[in-house]
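S.K.: Sequence and predicted structure are below.
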Amino acid sequence: MAVPKKRTGHSAQGSRRANWKATKPETTKCPNCGETVLTHTVCTACGTYKGQPVRLADKAAAVVEAKPAKKSTKKEAPKAEETKVEEVKAEETVEKTEE
């Protein structure tokens, strides 16, 4: 691994970083609604791209809603813990009635 022999000075470091500039993102106006939009992206206001309507998220949600939920025909059996608790309560009531 390369290791520098000496520490880089502040001046050399500043000169190297002089070309690091933040740039504004390119924006355009939506041809459909006139909203300012990032280039090459779908308009968040009206959902169009190059004048064509694009709403993939809505279509996917509609497909999910169209499928009916499966109903199970099996009856749910009581859990083992619940049956143990019920047995203990039953034993306690029997003991109380015997006393």
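M.R.: That came through fine. Residues are numbered from 1 along each chain as shown.

S.K.: if I've got this straight, residue 89 is in a helix?
M.R.: Yes - per DSSP: H, G, I helix; E, B strand; the rest coil, residue 89 lies within a helix segment.

S.K.: How many residues are close by it?
M.R.: 10 (other CB atoms under 10 Å). Bear in mind the C-beta positions are built from the backbone N, C-alpha and C, glycine included.

S.K.: any idea how far it is from residue 35?
M.R.: To residue 35, residue 89 is 65 Å away according to CB to CB, to the nearest Å.

S.K.: cool, and residue 53?
M.R.: For residue 53, the distance to residue 35 (CB to CB) stands at 14 Å.

S.K.: same question, residue 18
M.R.: Distance, residue 18 to residue 35, by CB to CB: 36 Å.

S.K.: Pretty sure residue 36 sits against residue 27.
M.R.: Yes - the criterion here is CB atoms under 8 Å, and residue 36 meets it with residue 27 at 5.2 Å.

S.K.: the more surrounded of residue 18 and residue 35?
M.R.: Higher neighbour count among residue 18 and residue 35: residue 35, with 14 against 8, using other CB under 10 Å.

S.K.: And the pLDDT at that one?
M.R.: For residue 35, the pLDDT comes out at 91.

S.K.: need the contact list for the nearest residue to it once chain neighbours are set aside.
M.R.: Nearest non-adjacent residue to residue 35, counting by CB to CB, 6 or more residues apart in numbering: residue 45, 4.3 Å away. Residue 45 makes contact with 30, 33, 35, 37, according to CB atoms under 8 Å, 6 or more residues apart in numbering.

S.K.: Tell me how many other residues crowd the first one.
M.R.: Using other CB under 10 Å, residue 30 is surrounded by 19 other residues.

S.K.: From residue 54, how far off is it?
M.R.: Counting by CB to CB, the gap from residue 30 to residue 54 is 12 Å.

S.K.: tell me which residues of stretch 32-45 are tucked away?
M.R.: 32, 37, 42-43 (16 or more other CB atoms under 10 Å).

S.K.: So which of these belong to strands?
M.R.: Among the buried residues of stretch 32-45, DSSP state E puts residue 37 in strands.

S.K.: Make a markdown table from the buried residues of stretch 32-45 and add distance to residue 7 to it.
M.R.: Putting the buried residues of stretch 32-45 into a markdown table (distance: CB to CB, whole Å) gives the following:
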| residue | distance to residue 7 |
| --- | --- |
| 32 | 56 |
| 37 | 46 |
| 42 | 49 |
| 43 | 50 |
